[in-house]
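> just the structure for this:
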Amino acid sequence: MTNYLPAEDRYQAIPYRRCGKSGLKLPALSLGLWQNFGDVDLLATGRATLRLAFDRGVTHFDLANNYGPPPGSAELNFGKIMQQDFAPYRDELIISTKAGYGMWDGPYGEWGSRKYLLASLDQSLKRMGLEYVDIFYHHRPDPDTPLEESMGALAHAVRQGKALYVGLSNYPPALAQAAIRLLREMGTPCLIHQPKYSMLVRDPEAGLLEVLAEEGVGCIPFSPLAQGLLSGKYLKGIPDGSRAARDGDSLRPDQVTPALVAQLQSLNEIAQARGQSLAQMALSWLLKDDRVTSVLVGASRPEQLADSLDCLKHLAFSPDELDQIEHILQKPAEKATA
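Got it, this is the predicted structure:
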């Protein structure tokens, strides 16, 4: 058994936002386990990060079947920590997982068939040692599987009692709206959509946010720091040891252009004037929109998460600040794809 006792004032430490038109509220920041929780990482560091998160009122932990590396290891490691520290608090937590990307060999190991989605959920529950997840997502749309089949699998997971809610990730606006309406017809309303969204990657503003607001669905952006570009590490170019410096990693060196570095430096000046780091301002900027329920942040250590959580001390922007930020972001520069 654990000797972990969470902070008694944890629910006073963070604001909670209603997720679309549902009865569920999520913390303004949620912890994503996309990276830093695989077998290549220190389990003790991940455990300390999860403890800090819950102590600060972060009740939502977000995973996927393929998170690691290797794929599946983030769920396994989370499951160990869950049983050691958080089992007494299961009803205070929102735990999500996803299926859609390649997970095992053969034709049934990825995309959006009923076979894959339901088998993947069973595997995820086994790895985490859970009876159910709170949110089960289709991680990406499948161009070759009927939408009715993929959404039917999500709805079936809820009927089985293996998920309480369902969500979508990486769905473009028109397809998201069609999926949301299908789920509603099936009696399992879509709770939430998880898109890539940041100051540098603003695709959701081209229709998706409007669809989610119209349909009463929450929004939880991932990659809010554009794979680290908005972390403050790139204000002088590419530092050693960064994602962009590691060949083949998720951020390419050619994305860090002189024009982009100039943008980051200008944004950082506004952040400093606000009493924030660039990363904190980037998180606050997403949360200024009430269509955004929560923002997913990653953390390689507890101190990094604590720094992100400090963005909540200054969420308001003046009209002048927003105008300045928009002017900087609209300057000619090669668009980030992180």
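
> could I get the buried residue list for stretch 59-77?
59-68, 71-77 (16 or more other Cβ atoms under 10 Å). Just so you know, the C-beta spots here come from the backbone N, C-alpha and C atoms, and that holds for glycine as well.

> what about it, average pLDDT?
The average pLDDT within stretch 59-77 is 98.

> 582 is where my numbering starts, stick with that
Sure, I'll start counting at 582 from here, so that last one is stretch 640-658.

> can you give me the end-to-end span of that stretch?
18 Å (Cα to Cα, to the nearest Å).

> off-centre distance for that stretch?
12 Å (Cα atoms, centre = their mean, to the nearest Å).

> contacts for it, please.
Stretch 640-658 is touched from outside by 607-608, 611-616, 618-622, 624, 627, 631, 634, 659, 673-680, 682-684, 701, 704-705, 708-709, 718, 720, 775, 801, 875, 877, with contacts defined as Cβ atoms under 8 Å, 6 or more residues apart in numbering.

> those helices in this structure, which residues are they?
Shown for the chain, the helices assigned by DSSP state H span residues 624-636, 654-662, 695-709, 728-741, 754-766, 789-796, 839-854, 859-868, 883-890, 900-910.

> need those helices in JSON lines with distance to residue 668, can you?
Shown next, in JSON lines, are these (distance: least, Cβ to Cβ, whole Å):
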{"stretch": "helix 624-636", "distance to residue 668": "13"}
{"stretch": "helix 654-662", "distance to residue 668": "10"}
{"stretch": "helix 695-709", "distance to residue 668": "11"}
{"stretch": "helix 728-741", "distance to residue 668": "22"}
{"stretch": "helix 754-766", "distance to residue 668": "31"}
{"stretch": "helix 789-796", "distance to residue 668": "33"}
{"stretch": "helix 839-854", "distance to residue 668": "39"}
{"stretch": "helix 859-868", "distance to residue 668": "30"}
{"stretch": "helix 883-890", "distance to residue 668": "21"}
{"stretch": "helix 900-910", "distance to residue 668": "43"}
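
> for residue 819, which of those is the nearest?
Among the helices of the chain, the nearest to residue 819 by Cβ to Cβ is helix 839-854 (9.1 Å).

> quick one: average pLDDT of that closest one?
Mean pLDDT, helix 839-854: 95.

> hang on, the earlier thing: in PyMOL, select just the buried ones from the contacts of stretch 640-658.
Applying 16+ other Cβ under 10 Å to those leaves a buried subset, and the PyMOL line that selects it is:
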select buried, resi 607+608+611+612+613+614+615+616+618+619+622+627+631+634+659+675+676+677+678+679+680+682+684+701+704+705+708+709+718+720+775+801+875+877
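
> once you drop chain neighbours, what's closest to residue 712?
Nearest residue to residue 712, sequence neighbours excluded (Cβ to Cβ, 6 or more residues apart in numbering): residue 706, at 7.0 Å.
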